[in-house]
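Enquirer: predicted structure and sequence below. I'll ask about it afterward.
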Amino acid sequence: MFEVRQCPCGSGATYDACCGRLHRGQAQAVTAEELMRSRFAAYAVGDLDHVYRTWHPRTRPDDPKPQPGTTWTALEILDVVDGGEEDDRGIVEFRAHFTSPAGADALHERSTFERRAGRWVYVSEL
């Protein structure tokens with residue numbers, strides 16, 4: 001039987017209807033928040049190619065590394081400044097919950113995003 005799973009980004013939609021379509025290249029993020037959600041979901045499902053493709057070339061590492069033993073469990077969007085359909089820049093503040101061999105924890109970050117060649121990309125943490 002086919003299992004419909006919820007998207008790890010916490011949108012309430014299915015993975016295929018939400019971030020899965022961005023991961024497969026069937027759609028592009030329309031807002032900075034949508035890109036942030038898709039990047040979290042990519043870490044959660046192990047799609048580091050999506051993480052790499054959506055990282056600004058000026059700031060991205062040569063090869064994003066997986067974090068063995070880390071499971072990304074939930075995403076909270078705390079604040080969004082700009083980053084809408086008509087914007088070229090945006091800021092998304094979030095808390096990404098995870099478990100690791102050391103236990104449960106959360107990454108709290110305020111990140112900047114830019115449009116590059118018409119597509120949203122992650123630039124850096126503020």
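Expert: Perfect, I can see it now.
Enquirer: could you list the low-pLDDT ranges of this structure?
Expert: For the chain, applying pLDDT under 70 flags the ranges 1-4.
Enquirer: quick one, helices of it?
Expert: For the chain, applying DSSP state H gives helices covering 19-23, 32-45, 48-53.
Enquirer: check the ones you listed for me and report the most buried one.
Expert: Burial of the helices of the chain is given as mean neighbour count (mean count of other C-beta atoms under 10 Å); helix 32-45 ranks first at a mean of 24. Glycine gets a C-beta too; all of them are placed from N, C-alpha and C.
Enquirer: which strands and helices sit next to it?
Expert: Applying 3 or more C-beta pairs under 8 Å, 6 or more residues apart in numbering; DSSP states H and E, one finds that helix 32-45 contacts helix 19-23, helix 48-53, strand 71-82, strand 89-100, strand 103-116, strand 119-125.
Enquirer: that helix: how far from the chain's middle?
Expert: Centroid separation between helix 32-45 and its chain, computed with C-alpha atoms, centre = their mean, to the nearest Å, is 2 Å.
Enquirer: hey, C-alpha coordinates of that helix in PDB?
Expert: This file holds the C-alpha atoms of helix 32-45, laid out as PDB (Å, rounded to 0.1, in the frame of the first residue of the first chain):
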ATOM      1  CA  ALA A  32      12.300  32.900   0.900                       C
ATOM      2  CA  GLU A  33      10.300  31.100   3.600                       C
ATOM      3  CA  GLU A  34       9.300  28.400   1.100                       C
ATOM      4  CA  LEU A  35      13.000  27.900   0.200                       C
ATOM      5  CA  MET A  36      13.900  27.700   3.900                       C
ATOM      6  CA  ARG A  37      11.300  25.100   4.500                       C
ATOM      7  CA  SER A  38      12.500  23.100   1.500                       C
ATOM      8  CA  ARG A  39      16.100  23.200   2.700                       C
ATOM      9  CA  PHE A  40      15.100  21.900   6.200                       C
ATOM     10  CA  ALA A  41      13.100  19.200   4.500                       C
ATOM     11  CA  ALA A  42      16.100  18.300   2.300                       C
ATOM     12  CA  TYR A  43      18.200  17.800   5.400                       C
ATOM     13  CA  ALA A  44      15.400  15.800   7.000                       C
ATOM     14  CA  VAL A  45      15.200  13.400   4.000                       C
END
